[in-house]
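Asks: pasting the sequence and the predicted model now:
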Amino acid sequence: MSRIGKNPVPVPKGVTVAVNGSTVTVKGPKGELVRTFHPDMRIAVEGETVVVTRPSDEAVHKSLHGLSRTLVANMVQGVSQGFVKQLEITGVGYKAEVKPWGLLMSLGYSHTIEVKAPKGVSLKAPQPTQVVVEGADKEMVGQVAAEIRSLRKPEPYKGKGVKYAGEIIRRKAGKAGGK
């Protein structure tokens, strides 16, 4: 049995889970998420928990078991608490400002970069050097944060660029100098 897959997913108060075949719909205070799972996985709501079971011990079913349970748990956590990714901007003149459609970022290029927030994700900049990505869908929040980071990855010599909060950038020594 999968160690992760055999654990039931607790459903907090205010969250409803509906299973229709292989489609799971989770509604809560932060929004609604819908995901279609592999048809072999059996997902059932039992009281205040969601249980994921697999039909056999084949390698494919074993790998899908823990994955399906974790995806359901992320959906439940997303609609109840939400997910947050924080990014830090380092560099002279590098900044982000909030616009109604998303962010306008100055990252040392000859032009500013517009980052539009997809549906279900909110972008905030509490300070010009900080960006906060929030949403109910963990996958979407992580993807948007990765796309913002890829606009100007942190470079190893001065550490300038966009990085995740708490990320450690390995620094390199510059040139050794003259003779």
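Replies: Now that the structure is in, tell me what you want to look at.
Asks: hey, let's count contacts and neighbours off CA atoms from now on
Replies: OK.
Asks: so, low pLDDT: which residues of the protein?
Replies: 1-2, 178-179 (pLDDT under 70).
Asks: what's the closest non-adjacent residue to the residue nearest the centre of the chain?
Replies: For the chain, the residue nearest the mean C-alpha position is G142 (2.8 Å; C-alpha atoms, centre = their mean). Leaving aside its sequence neighbours, G142 sits nearest to K85 (C-alpha to C-alpha, 6 or more residues apart in numbering; 7.1 Å).
Asks: helix or strand for the one you found, which one?
Replies: Assessed by DSSP states H and E, K85 sits inside strand 83-90.
Asks: could I get the CA-only coordinates of that strand as PDB?
Replies: In PDB, the C-alpha atoms belonging to strand 83-90 read as follows (Å, rounded to 0.1, in the frame of the first residue of the first chain):
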ATOM      1  CA  PHE A  83      -1.200  28.900  -1.700                       C
ATOM      2  CA  VAL A  84       1.300  31.700  -1.700                       C
ATOM      3  CA  LYS A  85       4.700  32.100  -3.400                       C
ATOM      4  CA  GLN A  86       6.900  35.100  -2.600                       C
ATOM      5  CA  LEU A  87       9.600  36.500  -4.900                       C
ATOM      6  CA  GLU A  88      12.300  39.000  -4.300                       C
ATOM      7  CA  ILE A  89      13.800  41.400  -6.800                       C
ATOM      8  CA  THR A  90      17.400  42.400  -6.400                       C
END
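Asks: by contact count, what packs against it?
Replies: If you count contacts as 3 or more C-alpha pairs under 8 Å, 6 or more residues apart in numbering; DSSP states H and E, strand 83-90 packs onto strand 130-135, helix 138-150, strand 161-164.
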